[in-house]
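Novice: Here is my input, please return the structure:
(chains A, B and C)
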Amino acid sequence: MPNNKKMYDKGKVVAGLCIFVVLITFPFWFNLGKAAPVPEPKLSDKAKAAKECVMPKAYMKAEHMQILNEWRDTVVRDAKRIYTNPSGKKFNMSLSNTCLDCHTEKAEFCDACHNYASVTPYCWDCHIDPKEAK
Amino acid sequence: MKSSRRRFLKIAGISALGLGTKPVLDVMASSGEMAAPKTTKGENALVAQRWGMIIDTRKLQSEEDLEPMIEICDKIHNVPKFENKNHEVKWLWEEEFKHVFPMQEQDFLGYRLKHMSFLTLCNHCEKAPCVRVCPTKATFKREDGIVLMDFHRCIGCRFCMAACPYGSRSFNFRDPRPFIKETNPDFPTRTKGVVEKCNFCAERLAVGKIPACVEVSKGALTFGDLDDPESEVRKVLRNNYTIRRKPALGTGPSVFYIV
Amino acid sequence: MLEKALTGTKKYYGWMAALLAVIGVGFACYLWQFQFGLGITGMSRDVSWGFYIAQFTFLVGVAASAVMVVLPYYLHNYKAFGRITILGEFLAVASVTMCILFIFVDLGQPTRVMNVLLHPTPNSILFWDMIVLNGYLFLNIIIGWKVLEAERNDVAPAGWLKPLIYLSIPWAVSIHTVTAYLYCGLPGRGFWLTAILAPRFLSSAFAAGPALLILLCMIVRKLTKFDPGKEQIQSLAKVVAYAITVNVFFFLCEVFVVFYSNIPEHMDHIKYLFVGLHGHGVLVPWMWASMILMVVSIILLVNPVTRKNETVLVVACITVFIGTWIDKGLGMISGGFVPNPLHHVNEYVPTLPEILIAIAIWAIGFLILTALFKIAVTIKEEVAGLA
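Specialist: The predicted structure is shown next:
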């Protein structure tokens, strides 16, 4: 086996590396300066009137997906459907019938942020936006 | 709460694997400051040790007697209607005697039994083979005996369909939504790639209602706690000769037939 | 050593490119299936497992058969097989990879596959199947690779490999046993509900796998300077001969039990496969073809005159492979689902996209196999001073 430090096909290797770097950074420079503004989820009148969600706003903002995950496990697997929040208020743990009953505008409340963050929760593959059903 | 402790252990385990525990611990600490939320059953929820059903076929003479039950079940559970027979989804449906009780078929069966339709559904077996084979516990047995599907967890391997000796399970070979005539927003539809079946109306029991098919059966179906000697189902079982599907397999069906 | 797979003749590149093209077509079909659902296949409510799971079952056998070269060499010190153990192990690697892919494409919700690890369920045989298949894959990659490396460097294999090699022997048996347990523990499926299912799976595996290995050895001999050896091929041929005989014997045992006991739930499936049931019988010609192929191969392989003739041996090995493939890759799964538990007869025929996806997975297997064999053979040539 040859054992010197010479680089073979130097031109090709460097050119290849350059193409690789350009390709892998493509999304960054392609979208340069085109960042979409951060959307603000719109509260429906009913949600505004209610003032507070099942948990404080900051918590919901960061943890709503965890709460929903816990809800679905508790409802489906433990057959418990009632959620009592720290201030003693009771809720029926249901995405379609409790969450969307208050947050009536799914498109402006859920989808706006989800689209911006490019997440596609599969909740809606099964759970129904009551508005769409009608 | 059991589920959040499990979650904590999971998160802690993952962070110990190298993500660093600090951010996670911060979150746990901040949520610990609030009083813990509680989860409970609804006040009206119907409870039992082991739910069971008796189908009095003497009161279900014609297909017209069965239709309302099947219709209401399909409607409230968003059961799709596929034209392609391969993709059929069935929760509650009708079959002839020779198909419901294939081992009990005989040449001299009376005319009525031979030609009538029988209600067919998941038996919510005591020792359910589908529960035994599920690799993710997506099919599981609830404390009240109901064999339930967790559609969120199902990976669609269809082992349960091979295991069920009653053909009670259906698979979503494609998105079912375009095939649901009228969607009931109170109950989810299913997504493609998961298995489904009768749930003994778990969503109705939770709010104090008996299963929909029983409600519209005009007394042909009886539903109740098999473990309660004073229950209506036990009374009917005491006073009538009942049979179950494929008893020799040891699955222990919770659905009984008076023939 | 991996670099050996990157250089080769035009023929080698051409073959790999052809495989990639086939994989491309199948991958496109898979994207369609991923988007639409398993409705693009021929599977149904009644026949809920089809071509994919059948291929998986057949290939677990091919993978397990590596033990037929490993065991004589390491346990009985049968030196001749030392030349070809690596080929057996690499064949196992390619086969197990195909098995895992076939399970994956059969899932309705493939993105949730990790739920099997997130919610481990030891009462499910599928959980154990996942463990034994992945374990077997790693065992064979590690053993094959390290032994080959040692051979290349002209040193003895590392001492820690020995226990792994011994472990791989019962492990090979376990993968096919556990796969049989997927089926034979299910109540209400009379066709599979037989304690002899795992032995049947193993016997057909030890016929199909070594038969394929013989064919591969002959291809290697033809295309490269490395000769796996006449004695090796003849020894493998004897393994195939008695495995296929035992396989047919086991099947006849089933036929006796099922028909003499006269239990309809058990008879109906075999009737469906061999004479048709209620006018349905797409598989009837296939099943008879399978039987005839297996019997012909027994005659050709047990008789020393025909077995020792390598041209006849090639024919016999192809016969075994096709015969066992029809038996397991077509009949075994469909046969269990028809008639269904309510005694309805709904037949299953795979669709074109389903077949294309399956062919693509076979192509992936052959791609891996070709690359691994290329590495192994090149090193064997080097060591022998032929390169």
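
Novice: Contact residues of chain A facing chain B?
Specialist: For chain A, the contact set with chain B under Cβ under 8 Å from any Cβ of the partner chain comprises A:54-55, A:59, A:63, A:66, A:70, A:72-74, A:76-86, A:92-93, A:96-97, A:122, A:125-130, A:133-134. Glycine gets a C-beta too; all of them are placed from N, C-alpha and C.

Novice: Got a PyMOL select line for the buried ones in the residues you listed?
Specialist: To isolate the buried members of these in PyMOL, using 16 or more other Cβ atoms under 10 Å in any protein chain shown:
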select buried, chain A and resi 54+55+59+63+70+72+73+74+76+77+78+79+80+81+82+83+84+85+93+96+125+126+127+128+129+130
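
Novice: in chain A, which segments are predicted with low confidence?
Specialist: For chain A, applying pLDDT under 70 flags the ranges A:1-4, A:133-134.

Novice: for it, which helix is longest?
Specialist: Ranked by residue count, the top helix of chain A under DSSP state H comes out as helix A:57-78.

Novice: For it, C-alpha coordinates in PDB please.
Specialist: Output of helix A:57-78 as PDB, limited to C-alpha atoms (Å, rounded to 0.1, in the frame of the first residue of the first chain):
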ATOM      1  CA  LYS A  57     -51.400  30.600  29.300                       C
ATOM      2  CA  ALA A  58     -47.600  30.300  29.400                       C
ATOM      3  CA  TYR A  59     -47.900  26.700  30.400                       C
ATOM      4  CA  MET A  60     -50.400  26.000  27.700                       C
ATOM      5  CA  LYS A  61     -48.200  27.700  25.100                       C
ATOM      6  CA  ALA A  62     -45.300  25.400  25.900                       C
ATOM      7  CA  GLU A  63     -46.900  22.300  27.100                       C
ATOM      8  CA  HIS A  64     -50.300  21.900  25.300                       C
ATOM      9  CA  MET A  65     -49.000  18.900  23.400                       C
ATOM     10  CA  GLN A  66     -48.000  17.100  26.600                       C
ATOM     11  CA  ILE A  67     -51.300  17.800  28.200                       C
ATOM     12  CA  LEU A  68     -53.100  16.500  25.100                       C
ATOM     13  CA  ASN A  69     -50.900  13.400  25.200                       C
ATOM     14  CA  GLU A  70     -51.700  12.800  28.800                       C
ATOM     15  CA  TRP A  71     -55.400  13.400  28.200                       C
ATOM     16  CA  ARG A  72     -55.600  10.900  25.400                       C
ATOM     17  CA  ASP A  73     -53.900   8.200  27.500                       C
ATOM     18  CA  THR A  74     -56.000   8.900  30.500                       C
ATOM     19  CA  VAL A  75     -59.300   8.900  28.500                       C
ATOM     20  CA  VAL A  76     -58.500   5.900  26.300                       C
ATOM     21  CA  ARG A  77     -56.500   3.700  28.600                       C
ATOM     22  CA  ASP A  78     -57.700   4.600  32.200                       C
END
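
Novice: close to chain C, is it?
Specialist: No. Helix A:57-78 stays clear of chain C (Cβ under 8 Å from any Cβ), getting no nearer than 10.8 Å.

Novice: and that helix, how far from the chain's centre?
Specialist: 13 Å (Cα atoms, centre = their mean, to the nearest Å).

Novice: elements contacting that helix?
Specialist: Contact partners of helix A:57-78 among helices and strands, from 3 or more Cβ pairs under 8 Å, 6 or more residues apart in numbering or on different chains; DSSP states H and E: helix B:2-14.

Novice: The nearest residue to B:Phe159 once chain neighbours are set aside: neighbour count?
Specialist: Nearest non-adjacent residue to B:Phe159, counting by Cβ to Cβ, 6 or more residues apart in numbering or on different chains: B:Val133, 4.5 Å away. Residues lying near B:Val133 (other Cβ atoms under 10 Å in any protein chain shown) number 24.

Novice: go on, the one 5 residues further on?
Specialist: For B:Ala138, the tally of surrounding residues (other Cβ under 10 Å) stands at 27.

Novice: and it, what is it in contact with?
Specialist: By Cβ atoms under 8 Å, 6 or more residues apart in numbering or on different chains, B:Ala138 lies in contact with B:149-155, B:195, C:115.

Novice: With C:Tyr78 instead?
Specialist: C:72, C:235.

Novice: Run the chain-centre distance for the one helix or strand A:Ile19 maps to.
Specialist: Secondary-structure assignment from DSSP states H and E places A:Ile19 in helix A:10-24. The chain centroid and the centroid of helix A:10-24 are separated by 36 Å under Cα atoms, centre = their mean.
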